[in-house]
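**Student:** Turn this into a model:
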Amino acid sequence: MSEAVRERSIAALAAELRVRLVERRRAEAAAGRAGGEDLPTAVRGLVDSEAALLCAADRELLVARILRDSVGLGPLEVLLADPEVEEVMVNGPERVYVERRGRIEPTGVAFADEEELRNAIERILAPLGRRVDELSPMVDARLADGSRVNVVIPPLAIDGPALSIRRFGARRPGPDELVELGTLSAGQRSLLEAAVRGRRSVLISGGTGSGKTTLLNALSSFIAADERVVTIEDAAELRLQQPHVVRLESRPAGVEGRGEVTIRDLLRNALRMRPDRIVIGEVRGAEALDLLTALNTGHDGALSTVHANSPADALNRLETLALMAGVGLPHAAIAEQVRRGIDVVVHLQRGSDGARRVSEVAECSSS
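**Tutor:** Residues are numbered from 1 along each chain as shown. The predicted model follows:
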């Protein structure tokens with residue numbers, strides 16, 4: 001029997017036995033006999049009784065497969081076990097892609113059907129207290145390890161549920177490692193170190209996946225250990241090493257439409273927390289005005305990121321975002337605050353080879 005045929009046979013048998021396991025557990029619960037055996041023991045007993053003719057190795061594989069599909073992430077487990085996988089992208093049950101070293105590539109992994117994919121999504125979201133359904137067909141959340149999860153389901157996702165898991169390693173590269181990787185030159189590293197230590201406000205710009213958060217985390221290492229730092233993010237990705245760090249994370253509205261706490265809410269509150277530094281994971285809305293106000297009223301040395309195509313575009317985008325606050329300030333006044341508030345813009349680009357590099361470090365004139 002070829003390996004491919006063996007794998008398909010194991011998968012089919014695992015699916016069949018998993019259905020029997022679910023039916024058995026439901027029957028036990030209905031009869032008031034739930035909780036007798038833990039799940040691994042129940043699965044092993046089922047395999048030993050229903051697949052006794054298989055060799056020991058295949059039975060162990062079958063047990064692992066049933067457990068994986070019952071409480072794990074199904075076919076994604078093998079991808080997430082690979083430390084080189086930076087992001088997993090699922091476009092419906094049959095198309096799964098990963099990003100390795102900055103490049104996207106297809107995989108041979110697939111879900112049996114849409115139901116199996118939805119079950120995996122539910123197992124991801126349930127521990128987070130989040131849900132996705134027709135009333136709330138989009139979810140953005142953070143896993144316990146810091147990985148970001150985004151889900152879109154039909155009818156918004158035409159070809160079946162779309163799932164992406166963006167992973168962040170427990171250890172982030174520092175400035176010296178970024179120089180070794182080619183992201184920064186030695187000269188750029190020295191320039192940025194002087195800017196951060198000198199309490200100059202630094203804005204990091206670039207496209208999606210260009211490495212903005214990684215560079216932001218690295219630059220934060222230049223902040224002195226005796227400073228009180230407040231970080232504000234949509235999903236807590238930063239891992240600052242200073243001892244005096246307060247981490248704040250925004251919160252979406254609940255199912256009833258209440259309880260939302262925005263980046264802008266957190267920034268306004270952070271200004272009352274006696275911060276020496278404010279680090280914002282990404283400026284993407286009206287909070288830009290509050291950031292500029294802070295930078296122009298003594299809260300210097302901030303670090304943040306913004307999506308933009310160049311340093312000039314980054315400053316223009318910051319102006320546009322600040323205007324979204326709708327307070328009626330003229331554009332000229334906003335532009336003046338940007339000019340006086342931002343000292344350095346660092347622009348990142350991701351090349352066709354997947355490498356992320358700082359393409360420009362622009363000094364902003366305040367005169």
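**Student:** Quick one: list the elements packing against the helix or strand harbouring Glu360.
**Tutor:** Glu360 belongs to strand 356-363 when elements are defined using DSSP states H and E. Applying 3 or more CB pairs under 8 Å, 6 or more residues apart in numbering; DSSP states H and E, we find strand 356-363 packed against helix 186-197, helix 311-323, strand 344-350. To be clear about C-beta, it is placed using only N, CA and C from the backbone, and glycine gets the same treatment.
**Student:** tell me the most buried of these?
**Tutor:** Among these, ranked by average contacts under mean count of other CB atoms under 10 Å, first place goes to strand 344-350 (a mean of 22).
**Student:** Pull the distance from the strand holding Glu360 to the chain's centre.
**Tutor:** On the basis of CA atoms, centre = their mean, to the nearest Å, strand 356-363 sits 24 Å off its chain's mean C-alpha point.
**Student:** Now do the strands in the stretch 51-200 of the chain.
**Tutor:** Along the stretch 51-200 of the chain, the stretches classed as strands by DSSP state E, counting those that start in this stretch are 85-91, 96-100, 103-106, 138-142, 148-152, 162-166.
**Student:** actually the stretch 251-367 of the chain, not the one I typed
**Tutor:** 277-280, 303-307, 344-350, 356-363.
**Student:** what's the most buried one of the ones you listed?
**Tutor:** Ranked by mean neighbour count, the strands of the stretch 251-367 of the chain are led by strand 277-280 with a mean of 25 (mean count of other CB under 10 Å).
**Student:** neighbouring strands for that one, and are they parallel or not?
**Tutor:** Strand 277-280 pairs in its sheet with strand 229-233 (parallel), strand 303-307 (parallel), by DSSP bridges.
**Student:** Redo the ones you listed as JSON lines? Include distance to Arg44 and mean pLDDT.
**Tutor:** Below are the strands paired with strand 277-280 laid out as JSON lines (distance: least, CB to CB, whole Å; pLDDT from 0 to 100):
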{"stretch": "strand 229-233", "distance to Arg44": "42", "mean pLDDT": "96"}
{"stretch": "strand 303-307", "distance to Arg44": "48", "mean pLDDT": "96"}
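**Student:** Reformat these as CSV; add distance to Arg148.
**Tutor:** Output for the strands paired with strand 277-280, formatted as CSV (distance: least, CB to CB, whole Å):
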stretch, distance to Arg148
strand 229-233, 10
strand 303-307, 14
